[in-house]
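Chemist: need a structure here:
(2 chains)
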Amino acid sequence: AQKVTQAQTEISVVEKEDVTLDCVYETRDTTYYLFWYKQPPSGELVFLIRRNSFDEQNEISGRYSWNFQKSTSSFNFTITASQVVDSAVYFCALLPYNYGQNFVFGPGTRLSVLP
Amino acid sequence: DGGITQSPKYLFRKEGQNVTLSCEQNLNHDAMYWYRQDPGQGLRLIYYSQIVNDFQKGDIAEGYSVSREKKESFPLTVTSAQKNPTAFYLCASSIEAGGTYEQYFGPGTRLTVT
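Modeler: This is a model prediction of the structure:
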């Protein structure tokens, strides 16, 4: 079965706090891709990162960082020094290589950053 | 600017009517997708198309139909057979059919059927 779990439904933090969004996935495929998307209130999903299953290096992009651990099937997303503009729903998604074009999205985590 | 456009942003229909949602992209992407999003849930795939004149059912295709007559356009028709059509509909595209590239999304259409 292919599945993505984002256990945190909603998170609230105060501006400048660090916050980590959890993502746990299930797949039998040995080759797969993982993604994070941001959905601001406007509704349009914004692509953040794509990572393949053979690359476990962590990645940092400005205040964003991603921790990929195959041993625990997790692909967590950390925002450092959060800002109000980070308030959005964040989706983790899985694309198994032999699954056609079917992305498997998690239910999303709603992040509210309070001033 | 390149991107995906969906129109209209908000759409209201009476129960029993078919309605067509527009999706156009000028990114020269081969693959296009339609998703449905319900409150508190992730995206669910309705249909996708890897090439002109070809499309495949996703997880929740019942009550929906699509066409892909042009590379840039992938309209979705919500038919009266769809039992619970009120939802947020998102169109997406990706650069390559059969690839593993990220999808780019349009702004969505919020459909309300009463």
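Chemist: give the contact list for the residue in chain B that chain A sits nearest to.
Modeler: Chain A sits closest to residue B:42 of chain B, with a gap of 3.6 Å, by CB to the nearest CB. All C-beta atoms are positioned from the backbone trio N, CA, C, and that covers glycine. By CB atoms under 8 Å, 6 or more residues apart in numbering or on different chains, residue B:42 lies in contact with A:4, A:91, A:105, A:106, A:107, A:108.
Chemist: Looking at the residues you listed, which are in strands?
Modeler: A:4, A:91, A:105 (DSSP state E).
Chemist: just the buried members of those residues?
Modeler: A:4, A:91, A:105 (16 or more other CB atoms under 10 Å in any protein chain shown).
Chemist: where's the residue most central in space within chain B relative to residue B:77, distance?
Modeler: Nearest to the mean C-alpha position of chain B, by CA atoms, centre = their mean, lies residue B:34 at 2.8 Å. According to CB to CB, to the nearest Å, residue B:34 and residue B:77 sit 10 Å apart.
Chemist: quick one: residue A:7 and chain B, what's the gap?
Modeler: Distance, residue A:7 to chain B, by CB to the nearest CB, to the nearest Å: 13 Å.
Chemist: and chain A, which of its residues are near chain B?
Modeler: Counting by CB under 8 Å from any CB of the partner chain, the residues of chain A close to chain B are A:4, A:9, A:33, A:35, A:37, A:42-47, A:50, A:52, A:91, A:95, A:97, A:100-103, A:105-108.
Chemist: Which helix or which strand is home to the nearest residue to residue A:98 once chain neighbours are set aside?
Modeler: Using CB to CB, 6 or more residues apart in numbering or on different chains and skipping the chain neighbours, the partner closest in space to residue A:98 is residue A:29 (5.7 Å). Taking DSSP states H and E as the definition, one finds residue A:29 inside no helix or strand.
Chemist: Which residues of chain B lie near chain A?
Modeler: B:31, B:33, B:40-45, B:48, B:50, B:56, B:58-59, B:88, B:90, B:92, B:94, B:97-98, B:100-108, B:110.
Chemist: Just the buried ones among those, please.
Modeler: For these, buried by 16+ other CB under 10 Å: B:31, B:33, B:42-45, B:48, B:50, B:58, B:88, B:90, B:92, B:94, B:100-108.
Chemist: Now for the nearest residue to residue A:93 once chain neighbours are set aside, how many residues are close by?
Modeler: Spatial nearest neighbour of residue A:93, excluding adjacent residues (CB to CB, 6+ apart): residue A:35 at 4.3 Å. Residues near residue A:35, counting by other CB atoms under 10 Å in any protein chain shown, number 24.
Chemist: For the helix or strand where residue A:35 lies, name the packing helices and strands.
Modeler: Under the criterion of DSSP H and E, residue A:35 resides in strand A:32-39. On a contact count with 3 or more CB pairs under 8 Å, 6 or more residues apart in numbering or on different chains; DSSP states H and E, strand A:32-39 meets strand A:46-52, strand A:74-79, strand A:88-96.
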